[in-house]
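Enquirer: any chance you could fold what I've pasted below:
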Amino acid sequence: MPQPAAHAISPGIYAFEDFGHLDPRRFPIKGSNIIFEWKYLNPAPGVYDWSGIDSWLQTEAGWGLPSGMGITTYSGICCGGNMVPHWVYVEHPSARLTCDQGWTIPKTWDATYQAAYGEFIQALAARYDGDPRLAWVEMGVGTFGETHPTDADFQACAIAAGLTSDLWVQAVESITDLYANAFQRTPLLLQMASVFQHDTERRQFADYAASRGIGLKHNGMLPDNDGVVYDNPAYSFYQAGAFDLMNKWGDRVPIGWESYDYLITGLTGTPAKRSLKCALHATSKPQLAGFKGSTGMPRSASKGNHAPSEPSLAQLPPPSARITASAANCRSPSGVAKRSTPSAAQPCQRWRTCLLYTSPSPRDS
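Expert: I've put the predicted structure just below:
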């Protein structure tokens, strides 16, 4: 039976955790991006709480903005750790890895874990696949949803539990299949910058995902960095760098990347940078009614204090002509009514992540 055609991603900047609701008439954003944890969405076997996702999508659509959504099952030492529902470990003890001081890591390469996770992914897709408010879904694979299984601190624990480089690649590909088989219309993204033991893993699981029409996303991208391009065919890591995979597949699948203010060099003090970072003034993070998703520090950020070092929105100069031209491409999706925008400047978090997506090719049917 032919599969329904996937809808294309609208390329542009997607603001991470846009609780302040940036005005797309002032900031060159295409949409927003939010992360949800499995344990809050699936609190009991066969029981699902979609209120947080529904609330977020409805609010963003009211501003005429599509939203990208990510799923995470483990948020690292910094940001909450285990995000797998407790009932999964009760029913499937082998799905849990316990490391030093009782620290829990989901055993994502375990067959029983993947079976329980697969049921959740099927339910998620049954509700949201093809939803016009949803621009794309970041597949939740490992830590922060990315392609490494755990923090560096617990690497040895995972190895002692039997995880190898080959087994990790198999796990990433198996979880990729779970998402690809469930989501037939909404575009998917693999967050493929990180690896477990070897960069060659990236080449294997990124090639596999892209061969299924799934987009590739680089989290924490720097303007210049080592180990992102391997162009010597004699080298074992040939074409295993993150940029290598983006170059290889960029004309066939969606390509995205993610960055933060402290990763972007040479732009300090410029209006363009302040607009990209949403002015970086510190604000509180209002809680969305019914929302239980991630509201902590961004996945690549440190836990240090961030002093507000730049002016508020009201103190910023008007956007440059280049930014205004970019913002002109931000349109409401078809069929979504745009809510009137408050006249007051809207707050945003200092640690803004911006995502730029290109090559909006639908997945092959």
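Enquirer: from here on, contacts and neighbour counts on C-alpha atoms
Expert: Noted.
Enquirer: give me the neighbour count for residue 42.
Expert: When neighbours are defined as other Cα atoms under 10 Å, residue 42 has 22 of them.
Enquirer: need the nearest residue in space to it, chain neighbours excluded.
Expert: residue 48 (4.6 Å; Cα to Cα, 6 or more residues apart in numbering).
Enquirer: residues near that neighbour, how many?
Expert: Residue 48 has 16 nearby residues by other Cα under 10 Å.
Enquirer: how far away is it from residue 85?
Expert: 11 Å (Cα to Cα, to the nearest Å).
Enquirer: identify the contacts common to those two.
Expert: In terms of Cα atoms under 8 Å, 6 or more residues apart in numbering, residue 48 and residue 85 are both contacted by the residues residue 42.
Enquirer: mind naming the longest strand for this protein?
Expert: strand 29-37 (DSSP state E).
Enquirer: and that strand, which strands flank it?
Expert: strand 13-16 (parallel), strand 67-72 (parallel) (DSSP bridges).
Enquirer: among the ones you listed, which is the most enclosed?
Expert: Mean neighbours per residue, mean count of other Cα atoms under 10 Å, is largest over these for strand 13-16, with a mean of 26.
Enquirer: ok, residue 45 touching residue 86?
Expert: No. Contact criterion Cα atoms under 8 Å: residue 45 and residue 86 do not qualify, at 10.1 Å.
Enquirer: which phi and psi does residue 256 have?
Expert: phi -140, psi 160 (degrees, to the nearest 10).
Enquirer: burial check on it, number of neighbours?
Expert: Neighbour tally, residue 256, other Cα under 10 Å: 24.
Enquirer: for it, list each beta-bridge partner.
Expert: With DSSP bridges as the rule, residue 256 is bridged to residue 217, residue 357.
Enquirer: ok, it touching residue 221?
Expert: No. Assessed by Cα under 8 Å, residue 256 is found out of contact with residue 221, at 10.0 Å.
Enquirer: give me the mean pLDDT for the longest strand of the chain.
Expert: Strand 29-37 comes out with an average pLDDT of 93.
Enquirer: quick one: that strand to chain centroid distance?
Expert: 8 Å (Cα atoms, centre = their mean, to the nearest Å).
Enquirer: cool, stretch 132-143 as well?
Expert: For stretch 132-143, the distance to the chain centre is 6 Å (Cα atoms, centre = their mean).
Enquirer: use 48 as the first number from now on
Expert: Got it, the first residue is 48 from now on, which makes the last one we talked about stretch 179-190.
Enquirer: can you pull the contacts of residue 267?
Expert: By Cα under 8 Å, 6+ apart, the neighbours of residue 267 are 304, 305, 306, 307, 310, 347.
Enquirer: that's a strand at the second one, yeah?
Expert: Just to be clear, that refers to residue 305. Yes. Using DSSP: H, G, I helix; E, B strand; the rest coil, the assignment for residue 305 is a strand.
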